[in-house]
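Trainee: Coordinates for the following, if possible.
(chains A, B, C and D)
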There are 4 protein chains.
Amino acid sequence: MAKKPFRIGMIGCGFMGRAHSNAYCKVANFFDLEYEPILQAACARNEASVKAFAENWGYASIETDWRKLLERDDIDAVDICVPNNLHKEMAIAAAEAGKIILCEKPLAMNTAEGEEMCAAVDKAGVANMVWYNYRRVPAVTLAKQLIDEGRLGRVFHYRANFLQDWTISADLPQGGAALWRLDVAAAGSGVTGDLLAHCIDTAIWLNGPITSVTAMTETFIKERKHQLTGEVQAVGIDDAAALLCRFANGSLGLFESTRYARGHKALYTLEINGENASMQWDLEDLHRLQYFDHADDSIIRGWRNVHVSDGDQPYMGNWWVPGLQIGYEHSFVHAVADFLKGLAAGVPAGPTFRDSLETQKVCDAILKSAQEGVWVDVG
Amino acid sequence: MAKKPFRIGMIGCGFMGRAHSNAYCKVANFFDLEYEPILQAACARNEASVKAFAENWGYASIETDWRKLLERDDIDAVDICVPNNLHKEMAIAAAEAGKIILCEKPLAMNTAEGEEMCAAVDKAGVANMVWYNYRRVPAVTLAKQLIDEGRLGRVFHYRANFLQDWTISADLPQGGAALWRLDVAAAGSGVTGDLLAHCIDTAIWLNGPITSVTAMTETFIKERKHQLTGEVQAVGIDDAAALLCRFANGSLGLFESTRYARGHKALYTLEINGENASMQWDLEDLHRLQYFDHADDSIIRGWRNVHVSDGDQPYMGNWWVPGLQIGYEHSFVHAVADFLKGLAAGVPAGPTFRDSLETQKVCDAILKSAQEGVWVDVG
Amino acid sequence: MAKKPFRIGMIGCGFMGRAHSNAYCKVANFFDLEYEPILQAACARNEASVKAFAENWGYASIETDWRKLLERDDIDAVDICVPNNLHKEMAIAAAEAGKIILCEKPLAMNTAEGEEMCAAVDKAGVANMVWYNYRRVPAVTLAKQLIDEGRLGRVFHYRANFLQDWTISADLPQGGAALWRLDVAAAGSGVTGDLLAHCIDTAIWLNGPITSVTAMTETFIKERKHQLTGEVQAVGIDDAAALLCRFANGSLGLFESTRYARGHKALYTLEINGENASMQWDLEDLHRLQYFDHADDSIIRGWRNVHVSDGDQPYMGNWWVPGLQIGYEHSFVHAVADFLKGLAAGVPAGPTFRDSLETQKVCDAILKSAQEGVWVDVG
Amino acid sequence: MAKKPFRIGMIGCGFMGRAHSNAYCKVANFFDLEYEPILQAACARNEASVKAFAENWGYASIETDWRKLLERDDIDAVDICVPNNLHKEMAIAAAEAGKIILCEKPLAMNTAEGEEMCAAVDKAGVANMVWYNYRRVPAVTLAKQLIDEGRLGRVFHYRANFLQDWTISADLPQGGAALWRLDVAAAGSGVTGDLLAHCIDTAIWLNGPITSVTAMTETFIKERKHQLTGEVQAVGIDDAAALLCRFANGSLGLFESTRYARGHKALYTLEINGENASMQWDLEDLHRLQYFDHADDSIIRGWRNVHVSDGDQPYMGNWWVPGLQIGYEHSFVHAVADFLKGLAAGVPAGPTFRDSLETQKVCDAILKSAQEGVWVDVG
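Mentor: Take a look at the predicted model:
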């Protein structure tokens, strides 16, 4: 049976544009889907860059003006892979143009922007997704499945960290193509939107709404040279952020993220403690789910080091054989597969813009709490 | 050369009385000290219990009234191993009687009591120590040594957890000999004084003063039967406590403790991230110090899994040979060894009452912050 | 600059055909090469299977007779992904047809066959490679680099295991498309050729020639139903094999492989102990290289848990950012990249047929030693 | 009730004398036994040494001639803690003197000596034990219990290593008080008797008799200065030894030990793979038993990291509370406790001389096989 085309207009040709393009290229080789992704056009302001990008990934055409891309009839969906400060304008215009939207995380610069974006996609009735890819690491998806099966019982604790160490040098500049995440004007915040947002998205997915937070943030290096202007400027982002929170289900939460934790490259860890069972996961060893089941015989009870690579574990039946690993990029492939399956079935795969708005609200509450030194209710 | 006697009067015959007695018995077999501990008298209200205890450990005599013990001339030091609500009265009386005092942690029910106790030992001029034993696990002592050598550079982060799971059952009673830690009247607080106090003591020792905190606490099981009366009573202790804090050196702190983390028996973990190096430690694998040195060649840089069991590492030269482990009880032996060495040298080994008062202040700030929902300055 | 085409004829459409096809598809997206792989034709006896396979991977045409494939002018290279008993005939014919040859491991059913194959490619002067892919897991390649830099000093020990547990059930049949590895007629041997061959290839690459071996093998389940005929037949393969050996450099070797090690899916581990440094690696956590450097300060000496994911570590600069993982399939992408780079430079990337013949000789020595119960010299 | 005295005459005052003395001192504090160990006499040739030793441990008297010790009426048991070449003579004399005998491992220099010793204790009818202490590490004892409960099903594989790195330096001398283990005249063999013997003892205990072996040994450093004479002499011991073997139950065994595995201090690891379950243990993290149960739900099946420290796990109810560790020395305390319990009950706790003779036979077979290059039947 012929596949339905899913013609993509990619906006942005940086790191995430690369990760998503790879996912579009690979998904049909490993998942049997009604829709087939077609790399129809790549768009970026710099013509040389976008040309090289399009050639590398096999995009059929290029654009240098994203508004032109939206006008094209041969584009079904746009993928927004640009700095956070551009998400809102592009997403609203794309919705108005009737395009399906896949938007990089975080959804927006703040909740207010996110609300506008949600209103726009709702009004336009276009399918939409935000790329919180870590939900689709098999071990994390398995954690969700185990929770949904009721294996944890009452939950007492949820904790997550996202620790990196790549900005410790004071010589690192801020801004520009590669380093816009350090520039508050482009990113909106530092680790809160970049790293904690991932932790919050997963946490809400696994453990339900967060109702209130108290937080602190810190900027360790106060000034950095700007990559583009060469001028030394105050650093506006948060280098580190930590929070205590309460979930609607009565459990307590603890979150921390930083780019100053020497020794950690991308250590996103999470742990959830329930009455009957507990689980742990860690991005730097992403195939491992640690699972503790209190129902095990007491003398041989221990954390089970589960290598999530068997055919009956999430997504793994589509890849190789037990024991053989997949990597970071596969989480994006899974996202595309789920999104297209959802599209075919008429049920959009999450996290939608609206799902991600909840994460945005928590991020806003974190920044507000850190600034004012008080507990802040979410939403 | 004949050893000087160090005649001990032990007050209490429970878990900690046992741990300390073992330390007094063993220390002279492994450490060459001027002083020799003599188990002179054991004291507890229940005559049968104290008799059995004294016989088991070889105490030369017993008392059932601690005031009588303090009156005896043949006692050089008292060891206070009773519930927290009794520390103050006993310690002050012991100081007034001119006795050396070794007091179980936490120092007191609260800062106010602690202040009185410090005043008393200062006035009497008696040597004193609080049994924060984890400082003297070799891997932790090594961490201190590495920090003192300046290997970390500027510190950005400190985090510690103390996670247990033994009170999850609602059927567990509170109060009585074995379970006084669950009774707020005897313990003063729950995990804050019992577990966080350990984390705070180590943190201040390794990373300096804590200046402000924001905290939350929770009591998951609201009522329990009292062990002695059989009556169901409100639970007054904190089952879980978590805090964010700032250290005087500019670093950020995160602490959590709970007795509801399914899968963890006594998981006291700590991590410190410096500009140049980071370290991790974990009580459930107490010989392991994880050490990350950014100066290592980049292609082979990684957390070093250091098995702290060599003769040139703290205390280990006194035990067996490389690779062979010691355990929990040895931290108490080291405490006695250091205390007696200090006594001989005229420099009391810490943590003294005054050192421990700083920990008490942080604990009080935690409880206050949790109750009032605000940041609280320490001290 | 236009890329040179590298037109591939794939023979076989099973598990390895899939892994190789994926590698050909991806390599140009991540590596800048002179040659560009073109999926020109897929070949297998079953037309429906090969059609579906070709469609899935984008092969431009199909063949059902491999001899026809060899006759085609538009094929530069053939990739032999069929059971071991077919390697020799196909490879010799391909060499005679002047095709470049990429052959799945092990090279052949035995040394005699391998000799013929080597003679054929030598005579034809065609580039050739055997798919011992684990050499190109970044952590393993890094190990090789560290050895070549002389970091180990004199080597004392080499040990490797390849442990699986998927054939423990007596109900599992032997033979047929998916299970030919259990059928001695198709596979030549059991774990020796399938698993130990990987260990031996890496060992020779890292530690040099093996000179003599003593081995034992075992077949735990003596009879299995044949998948195709339904008949119960004697099992001819080795279910487990273990050996002691000596390397030419004076070090001692220990190898074991089995499909009966309950709890291990694909646990290929290796360790090498040198005078100055040691290393460990493990396929189930393939990003981790454990490195021990005796030159580290003694008090903080420990196994370094190196997460091989930085841009300056082998291959990783072509993928994502530090901390983010790749998987099993990437080892094949690296093999293609290296092979094509070698082709452009005129230096064929190993392991060549001749390199792999050495592995074959060790495998033969293992089987002979196991049968005769004596030490056997290799080669 | 008054305890029965168990009056010990200790022969030797080195490392093992210390470990055993500590065990005698501690056992009554933690185990409720009918017998009470009394440190009656310490014996060694060097008077100054034995005097200091006796004073340190509280031995009531000293001897410098072991034959005098055996003549004393006030000695119930002798503990033989001297180099291996002295075991036989002392043990036979002790048996003839009617003494209970606790002898350090290995039992003897070789099987022939061991046979004589067994005959002597049998004839005399004296209780006897060999100090293979690792059987009584709680995690190892738990492994035995799980096997006895039938949890493993048919066993396929047993493997064990004992890896050290302390003799890599060519400057290390051989012989003398501290280094007699490197002197073949005193030790009989190198790692075979010192390290492999431990592995073999545990293996036989857990997995039954070993029937045949093939082995290799190596002496990496061929000459060393003798500690006492200062002369450079050929090294007679095996620096490394490895073997393949078959067990009577049909499983395959693999063992290795060395003092040249850079990075390992005392890495005694063992693994057993059964049809239904597998287990792993490691001396450098001695509280951890890794347990894999194939009956677990497949999606959450994994190695359970069991922290053997709960009251219902072997020996741990006698120590502290869950999560708190014990160490190397406790395995000796457990040995004394079990031996004295056995003595009271009339059933001697193993391993007896006869049990240990089986280990000796395997060691002899290893050395013979290594020398002759053939498979050797055991016994």
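Trainee: Quick check: the closest residue to A:S21 other than its chain neighbours vs A:A42, distance?
Mentor: Excluding its sequence neighbours, the residue lying closest to A:S21 (C-beta to C-beta, 6 or more residues apart in numbering or on different chains) is A:W57, at 4.2 Å. In short, each C-beta sits where N, CA and C put it, glycine included. Going from A:W57 to A:A42 by C-beta to C-beta, to the nearest Å gives 7 Å.
Trainee: repeat for A:R7
Mentor: When distance is defined by C-beta to C-beta, A:R7 is 12 Å away from A:A42.
Trainee: Neighbour count: the two, which is higher?
Mentor: Remark: of A:R7 and A:A42, A:A42 carries more neighbours, 31 against 18, as counted by other C-beta atoms under 10 Å in any protein chain shown.
Trainee: Need the nearest residue in space to A:K26, chain neighbours excluded.
Mentor: Spatial nearest neighbour of A:K26, chain neighbours left out: A:V333 (5.3 Å); criterion: C-beta to C-beta, 6+ apart.
Trainee: Helix or strand for that neighbour, just tell me which one.
Mentor: When secondary structure is defined by DSSP states H and E, A:V333 falls within helix A:330-345.
Trainee: chain center to that helix: distance?
Mentor: Offset of helix A:330-345 from its chain centre (C-alpha atoms, centre = their mean, to the nearest Å): 14 Å.
Trainee: And stretch A:106-124, by the same measure?
Mentor: The chain centre lies 16 Å from the centre of stretch A:106-124; the measure is C-alpha atoms, centre = their mean.
Trainee: Which residues outside that stretch are in contact with it?
Mentor: Among residues not part of stretch A:106-124, those counted as contacts by C-beta atoms under 8 Å, 6 or more residues apart in numbering or on different chains are A:84-85, A:87-88, A:91-92, A:95-96, A:98, A:101, A:103, A:128, A:130, A:188, A:193-194, A:197, A:353-354, A:356-357, A:359-361, A:363-364.
Trainee: Let's see that with 7 Å instead.
Mentor: Residues from elsewhere that reach stretch A:106-124, judged by C-beta atoms under 7 Å, 6 or more residues apart in numbering or on different chains: A:84-85, A:87-88, A:91-92, A:95-96, A:98, A:101, A:128, A:130, A:188, A:193, A:197, A:353-354, A:356-357, A:359-361, A:363-364.
Trainee: So A:C25, which state does it fall into?
Mentor: When the structure is reduced to helix, strand and coil (DSSP: H, G, I helix; E, B strand; the rest coil), A:C25 reads as helix.
Trainee: Would you enumerate the residues in contact with it?
Mentor: Applying C-beta under 7 Å, 6+ apart, the residues contacting A:C25 are A:W57, C:N29.
Trainee: try it again with 10 Å
Mentor: Neighbour list for A:C25: A:P37, A:L39, A:W57, A:G58, A:V333, A:V336, C:C25, C:K26, C:N29 [criterion: C-beta atoms under 10 Å, 6 or more residues apart in numbering or on different chains].
Trainee: what's the third one in contact with, if anything?
Mentor: Just to be clear, that refers to A:W57. Contacts were defined as C-beta under 10 Å, 6+ apart; by that measure A:W57 touches A:10, A:13, A:17-18, A:20-22, A:24-25, A:39, A:42, C:28-29.
Trainee: that older thread, the residue nearest to A:K26: how many residues sit nearby?
Mentor: Using other C-beta under 10 Å as the criterion, A:V333 is surrounded by 27 other residues.
Trainee: can you pull the pLDDT of it?
Mentor: At A:V333, the predicted lDDT confidence score is 98.
Trainee: wait, it sits on A:V137?
Mentor: No - the pair A:V333 and A:V137 does not pass the contact test of C-beta atoms under 10 Å, sitting 11.3 Å apart.
Trainee: what sits in contact with each of the two?
Mentor: With contacts taken as C-beta under 10 Å, 6+ apart, the residues that reach both A:V333 and A:V137 are A:Y315, A:I326.
Trainee: Check the contact lists of A:W57 and A:A42 and give me the overlap.
Mentor: When contacts are counted by C-beta under 10 Å, 6+ apart, the set common to A:W57 and A:A42 consists of A:M10, A:C13, A:G17, A:S21.
Trainee: which of those sit farthest apart?
Mentor: Across the shared contacts of A:W57 and A:A42, the longest distance by C-beta to C-beta is 8.7 Å; it joins A:C13 and A:S21.
Trainee: list residues touching both of these two?
Mentor: Between them, A:C13 and A:S21 have A:A42, A:F53, A:A54, A:N56, A:W57, A:Y59, A:C81 as joint contacts when contacts are counted by C-beta under 10 Å, 6+ apart.
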